[in-house]
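Asker: Dropping the sequence and predicted coords here.
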Amino acid sequence: MKKTIITIERQYGSGGSVIGNLVAQKLGINYYNRKILEMTAERCGISAENLESAEENVPTSFLYSLLLSANPARSMEDSLPLSDKVFLMESRIISEIAEQEKSFVLVGRCGSYILEEKGCFSVYIYAPPEDRMKRAVEEYGIKENRVESVMKKVDRRRETFFNVNTGKSWQDKDMYSLCLNSSELGDELCAEIIVRAYNEYNKLFS
């Protein structure tokens, strides 16, 4: 199957969103990140902030089993906590976009898992903690006395959301087509490498 979609998972402060946007611009295709959350919020009538908070409260499989057993008359989806409903709704929207658009860049939202069967080129962006904290302070405006805790919290949320919903490991680099250290390479070069690798990889499936 020809690879036509680029998905990017990224550590907090690694610049994955910036790199993803650069890739989309270079290829002339659409870029999706937080827009998926906003589209989900609009569809279900809940604020994007509330949905984002729900992602931080991913239940364990044990709690999920208890919930279902306590409500046997309800449908499975109705019984799901909001955190799981977020994943299901986002998955539907992402799949709909994949049906409508031949190519696009998607950052986060378990994209590499949701679009695996559609032939996505998956990328993982990482960097040393000290460089990620520096970026967070200088570019995101995070205060120095809070940056380490913010970095750990966001990474934990992303990892938990991915691992629970996919059954796979967010940081397992064997899962991805390409892994890049943005601290060593810089945002622009990372984007150029992704574009070149994506184009070369496409030739194998054309």
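Answerer: That came through fine.

Asker: what's the burial count for Ile6?
Answerer: Residues near Ile6, counting by other Cβ atoms under 10 Å, number 29. In short, each C-beta sits where N, CA and C put it, glycine included.

Asker: hang on, it is in a helix, isn't it?
Answerer: No. Counting by DSSP: H, G, I helix; E, B strand; the rest coil, Ile6 is not found in a helix; it is strand.

Asker: What residues are bridge-paired with it?
Answerer: Counting by DSSP bridges, Ile6 is bridged to Val105, Phe121.

Asker: Look up the pLDDT of it for me, please.
Answerer: Listed pLDDT for Ile6 reads 96.

Asker: Arg109 now?
Answerer: pLDDT, read off for Arg109, is 88.

Asker: I'd say it and Ile94 touch.
Answerer: Yes. Contact status for Arg109 versus Ile94: in contact at 6.4 Å, counting by Cβ atoms under 8 Å.

Asker: Give me the common contacts of those two.
Answerer: Residues touching both Arg109 and Ile94 (Cβ atoms under 8 Å, 6 or more residues apart in numbering) are Ile36.

Asker: who's more crowded, the two?
Answerer: Neighbours per residue (other Cβ under 10 Å) separate Arg109 from Ile94, with Arg109 holding more: 28 against 24.

Asker: Spit out the contact partners of that one.
Answerer: Contacts of Arg109 (Cβ under 8 Å, 6+ apart): Ile36, Leu37, Glu90, Ile94.

Asker: just checking, which of those belong to strands?
Answerer: Assigned to strands by DSSP state E, none of the contacts of Arg109 qualify.

Asker: For Tyr176, the count of nearby residues, please.
Answerer: By the criterion of other Cβ under 10 Å, Tyr176 has 17 neighbours.

Asker: Just the pLDDT at it, thanks.
Answerer: Confidence for Tyr176, expressed as pLDDT, is 94.

Asker: before we move on, what about Asp78?
Answerer: So, for Asp78, pLDDT stands at 55.

Asker: Please apply the same query to Val150.
Answerer: Val150 carries a pLDDT value of 96.

Asker: Could you check how far it is from Ile142?
Answerer: With distances taken as Cβ to Cβ, to the nearest Å, Val150 is found 5 Å from Ile142.

Asker: where do the contact lists of those two overlap?
Answerer: Taking Cβ under 8 Å, 6+ apart as the contact rule, Val150 and Ile142 both touch Ala136.

Asker: Now do the contacts for the spatially most central residue of the chain.
Answerer: Residue closest to the average C-alpha location in the chain (Cα atoms, centre = their mean): Gly108, at 1.0 Å. Counting by Cβ under 8 Å, 6+ apart, Gly108 makes contact with Ile8, Glu9, Arg10, Gly16, Asn33, Arg158.
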